[in-house]
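Asks: Task: produce atomic coordinates for the following.
(one chain, ligands or ions: 2)
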Amino acid sequence: MLPGSVKLVEVGPRDGLQNEPKAVPTATKVELIERLGAAGLSVIEAGSFVSPKWVPQMADTADVLASVARRPGVSYPVLVPNMKGLEAALAAPGVEEIAVFGAASETFSQRNTNCSIDEGLARMAEVTAAARARGLRVRGYVSCVLGCPYEGDVATAVVTRVADAMFNMGCYEISLGDTIGTGTPLAAQSVVDAVSERVPRDRLAAHFHDTYGQALANILAVMERGVGIVDSSVAGLGGCPYAKGASGNVATEDVLYMLNGMGIRTGVDMDALLQASAMISQALDRVPASRVARALGARKD
Ligand code: HMG
Ligand code: MG
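Replies: Ligands and ions are numbered 1, 2, ... in the order given. Next up is the predicted model:
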């Protein structure tokens, strides 16, 4: 049975912009986040406190947080890889939620965070405990749940082990990342079924990149298995700097169009979302990767 409503987690300002070859001005990021809030998104990932040597695009996250006009009821989580990142997040204005991230592939873990899966879990446990002790909410990501850019197939047992560990350390929600978008619907359902033996289905989110054009089909497939939280990125921005060939996340406009068509509530307004999409696409000097934005934008011309 499909859910009556879906929570959309907007990751464009982080997962999208972290992968931009050219620097995006802080003011542009702030405007994007504010427009996404105005469109009705209740969770907007605002940036990350990772090493600026690894991901220079996110180096101004503290400045973004200092400028953004927050809306009541909207959460603005930031990615944190280690205690240094947590200290920076705590020193920044208004951080109430962070996200920690690990992977189900050893090679990806090394390339993305310079440590093994288990070293990463130990770091995350320390960060999560310290963050929760300071009253922050902690979300958890598992990358490579349906394939790894370096190792290819990934064992579902490893996905389950990592997701279980992150849920037990205190992550309130576990986002399952198809980092390189190679998954297909039955495989996506299998991973959700396996993980849900350890983590309740209503705590699982789908974080699907659209590299192979499978994301909407995969989202529908996991919604049929009880997933009601979907990560997406305005204009289909994104990728991962440590996953070669990973294109953007599924576009928020495309997910919203599908959910609207099925009568599933999100609280997000399509017109306002399209304005945010047009604004960031113009700033980046490109057409949106979202098919819906292109179709509806073309209709307005
Ligand atoms: P490391 O080099 O092993 O770290 O990197 P280190 O502890 O040895 O420190 C090296 C230098 O970095 C030191 O500076 C530290 O101070 C500094 P130096 O002494 O050389 O001047 N440093 C930091 N600076 C700022 N903030 C910090 C920080 N930590 C250390 N937090 C580390 C390890 C984890 C830091 C690094 O690998 C890193 O930053 N990785 C993050 C990579 C990343 O952001 N990837 C993209 C996000 S994940 C993703 O996109 C997937 C997702 O979307 C889900 C999906 O799609 O599957 C979430
Ligand atoms: Mg991602």
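
Asks: who does the residue of the stretch 101-250 of the chain found nearest ligand 1 bridge with?
Replies: Residue of the stretch 101-250 of the chain nearest ligand 1, by Cβ to the nearest ligand atom: residue 177 (2.3 Å). Heads up, the C-betas are built off the backbone N, CA and C, glycines and all. For residue 177, the beta-bridge partners under DSSP bridges are residue 207.

Asks: thought it was touching residue 140?
Replies: No. Counting by Cβ atoms under 8 Å, residue 177 stays clear of residue 140, with 10.4 Å between them.

Asks: The two: which has the busier surroundings?
Replies: residue 177 (29 against 26; other Cβ atoms under 10 Å).

Asks: Can you point out the buried residues in the helix or strand harbouring residue 35?
Replies: In this structure, residue 35 sits in helix 26-38 according to DSSP states H and E. Judged by neighbour count (16 or more other Cβ atoms under 10 Å), helix 26-38 contains these buried residues: 26, 28-38.

Asks: Next one, pLDDT for the residue of the stretch 101-250 of the chain closest to ligand 1 please.
Replies: Listed pLDDT for residue 177 reads 98.

Asks: For residue 148, see how far away it is.
Replies: Residue 177 sits 11 Å away from residue 148, going by Cβ to Cβ, to the nearest Å.

Asks: lowest average confidence, helix or strand, in this structure?
Replies: helix 291-300 (a mean of 84; mean pLDDT, DSSP states H and E).

Asks: what's the single longest helix in this protein?
Replies: The single longest helix within the chain, with elements called by DSSP state H, is helix 117-133.

Asks: Can you name every helix or strand that that one contacts?
Replies: helix 83-91, strand 97-103, helix 106-113, strand 137-143, helix 156-169 (3 or more Cβ pairs under 8 Å, 6 or more residues apart in numbering; DSSP states H and E).

Asks: returning to what we had before: tell me the two of the buried residues of helix 26-38 that are most distant?
Replies: Across the buried residues of helix 26-38, the longest distance by Cβ to Cβ is 18.7 Å; it joins 26 and 38.

Asks: Which of the buried residues of helix 26-38 sits closest to ligand 1?
Replies: Nearest member of the buried residues of helix 26-38 to ligand 1, counting by Cβ to the nearest ligand atom, is residue 29, at 15.7 Å.

Asks: What values do phi and psi take at the closest residue to residue 235 other than its chain neighbours?
Replies: Excluding the flanking residues, the one nearest residue 235 by Cβ to Cβ, 6 or more residues apart in numbering is residue 288, at 3.9 Å. Dihedral pair for residue 288: phi -60, psi 150, per degrees, to the nearest 10.

Asks: burial measure for residue 288, as a count.
Replies: Neighbour tally, residue 288, other Cβ under 10 Å: 24.

Asks: Which positions within stretch 174-191 qualify as buried?
Replies: For stretch 174-191, by 16+ other Cβ under 10 Å, it's 174-183, 185, 187-189, 191.

Asks: Sort out for me which of the residues you listed are in strands.
Replies: Cross-referencing the buried residues of stretch 174-191 against strands under DSSP state E gives 174-178.

Asks: mind showing which ranges of this protein have poor pLDDT?
Replies: The model of the chain has pLDDT under 70 over residues 239-246, 298-301.

Asks: need the contact list for the residue nearest to residue 235.
Replies: 235-236, 251, 253, 277-278, 281, 294, 297 (Cβ atoms under 8 Å, 6 or more residues apart in numbering).

Asks: repeat that with 6 Å
Replies: 235, 277, 281 (Cβ atoms under 6 Å, 6 or more residues apart in numbering).

Asks: Tell me the residues of the chain that contact ligand 1?
Replies: 15, 18, 48-55, 79, 81-82, 84-85, 88, 101, 112-114, 141, 143, 177, 179, 207, 240-242 (Cβ under 6 Å from any ligand atom).

Asks: now the angle from the longest helix of the chain to strand 137-143?
Replies: Computed by axes from the mean of the first three to the mean of the last three Cα atoms, to 10 degrees, the angle separating helix 117-133 from strand 137-143 equals 160 degrees.
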